[in-house]
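Trainee: below is the sequence, then the predicted model.
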Amino acid sequence: MAEGFGRETHREFAHFLAIARGSLIETHNHLVDATDCGYLARHEFDKLAALTNRAIVATTRLQSYLLRTPDTRRNRKQ
């Protein structure tokens with residue numbers, strides 16, 4: 001996400017958010033695996049999964065916003 005924030009256009013930023021969403025989904029899968037293997041208690045999983053899901057939703061909404069707004073170059077001060 002941080003690398004995408006520095007990009008010139010909305011579409012470029014949205015591309016990096018797609019990658020970040022994939023990583024968040026991967027993180028959720030690792031939490032499931034850790035719980036299944038007994039490395040993580042159910043109450044810990046519930047808290048961490050909720051945070052992961054909130055991050056996925058926020059990232060998806062930001063990505064959707066960027067993709068439906070004009071793809072103009074951002075003005076930067078040097």
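Mentor: All right, it came through fine.

Trainee: contact partners for H10?
Mentor: Counting by C-beta atoms under 8 Å, 6 or more residues apart in numbering, H10 touches 66-67, 69-72. The way it works is simple: take the backbone N, C-alpha and C, and place the C-beta from them, glycine included.

Trainee: now intersect the residues you listed with the helices, please.
Mentor: Counting by DSSP state H, the contacts of H10 place 66-67 in helices.

Trainee: which two of the contacts of H10 have the greatest separation?
Mentor: Using C-beta to C-beta, the two most remote members of the contacts of H10 are L67 and T72, lying 13.5 Å apart.

Trainee: okay, those two: which has more neighbours?
Mentor: L67 (15 against 9; other C-beta atoms under 10 Å).

Trainee: any idea how far that one is from M1?
Mentor: L67 sits 15 Å away from M1, going by C-beta to C-beta, to the nearest Å.

Trainee: the bottom helix or strand of this structure by mean pLDDT?
Mentor: In the chain, the helix or strand scored least confidently by mean pLDDT, DSSP states H and E is helix 2-5, which has a mean of 84.

Trainee: if you count neighbours, what's buried in the next helix or strand after that one?
Mentor: The C-terminal neighbour of helix 2-5 among helices and strands, as given by DSSP states H and E, is helix 10-36. By 16 or more other C-beta atoms under 10 Å, the buried positions in helix 10-36 come out as 10, 13-17, 20-21, 24, 28, 31, 35.
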